[in-house]
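Asks: Any chance you could fold what I've pasted below:
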Amino acid sequence: AGATHAGGASLIESIQNGDIPVPTFDRALATPDMMPSLSKIARILGPRGLMPNAKLGTIQPSHQIAEAVKAQAAGMVQYRTDKVGIIHAGIGKGSFSADELSDNIRAFMDEIQKVKPENFGKGKKKSGGPKGSKKGGSGSSKNEKYYLSAFLTATQEKGSFNIDLRTLDPSSSAFMSVPQS
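Replies: Predicted structure coming up:
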């Protein structure tokens, strides 16, 4: 189905012995029944971000594993959010060219735009005070912003670069263009 390595206990043993180099992996998928066995190599997979995780869709039932491998091989975008709504995602490696990074950023932003709730910014704003002292609640607002800021950082470097949001918003005419200052 597109997997480089597939197997059960024998694959885990090969990884544990160093016969299969883990740095060559992009993703690791597993079935729920294999998760206890993966604890043997959790210290190898975990620091590299390869430990299968249900939130990332890398733990799938046996009958869906082939579909999951195809989806991962096709370039499924993986990201996570924290409690305050900040999205964390890896978009490339230091060895990637500018074009490869641009393609990854484009795919990532398109995916984020796809999962944007349809009713975002269309709810009534809560009015202040008891029993709604403000009259005529504001209904939908065109000023609601889905993207507030964007920064690009390297994993092992200090600092970050602020990115012009007009170039990252897929609904903008300046999407993925070079900003004119």
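Asks: now the strands: where do they sit in this protein?
Replies: Taking DSSP state E, the strands of the chain run over residues 80-81, 87-88, 151-152, 161-162.
Asks: quick one: strands adjacent to the third one?
Replies: Pointing back at strand 151-152 there. In the sheet, strand 151-152 lines up against strand 161-162 (antiparallel) (DSSP bridges).
Asks: hang on, the earlier thing: tell me, which of the strands of the chain is the model least confident about?
Replies: Per-segment mean pLDDT for the strands of the chain reaches its minimum on strand 80-81, at a mean of 76.
Asks: can you pull the buried residues of the helix or strand of the chain with the lowest mean pLDDT?
Replies: Taking mean pLDDT, DSSP states H and E as the measure, the chain has helix 65-73 as its least confident helix or strand, at a mean of 72. Under the neighbour-count criterion of 16 or more other CB atoms under 10 Å, helix 65-73 has I65, A68, V69, A71, Q72 buried. The way it works is simple: take the backbone N, C-alpha and C, and place the C-beta from them, glycine included.
Asks: who's in contact with the residue nearest to A9 when sequence neighbours are not counted?
Replies: Distances taken as CB to CB, 6 or more residues apart in numbering put S37 closest to A9, at 6.2 Å, once the chain neighbours are dropped. Counting by CB atoms under 8 Å, 6 or more residues apart in numbering, S37 makes contact with G8, A9, I12.
Asks: Could you rerun that using 10 Å?
Replies: G8, A9, L11, I12, E13, A30 (CB atoms under 10 Å, 6 or more residues apart in numbering).
Asks: Ok, I12 next?
Replies: I20, A30, M34, S37, L38, S39, K40, I41, I44, L45.
Asks: please redo it, this time with the cut-off set to 6 Å
Replies: Listed by CB atoms under 6 Å, 6 or more residues apart in numbering, the contact partners of I12 are S37, K40, I41.
Asks: how close does the second one sit to P32?
Replies: Right, K40. Look at K40 and P32: by CB to CB, to the nearest Å, they are 16 Å apart.
Asks: What is the neighbour count of V84?
Replies: V84 has 5 neighbouring residues, counting by other CB atoms under 10 Å.
Asks: gap between it and P32?
Replies: If you go by CB to CB, the gap between V84 and P32 works out to 30 Å.
Asks: likewise Y147?
Replies: Distance check for Y147 against P32: by CB to CB, it reads 35 Å.
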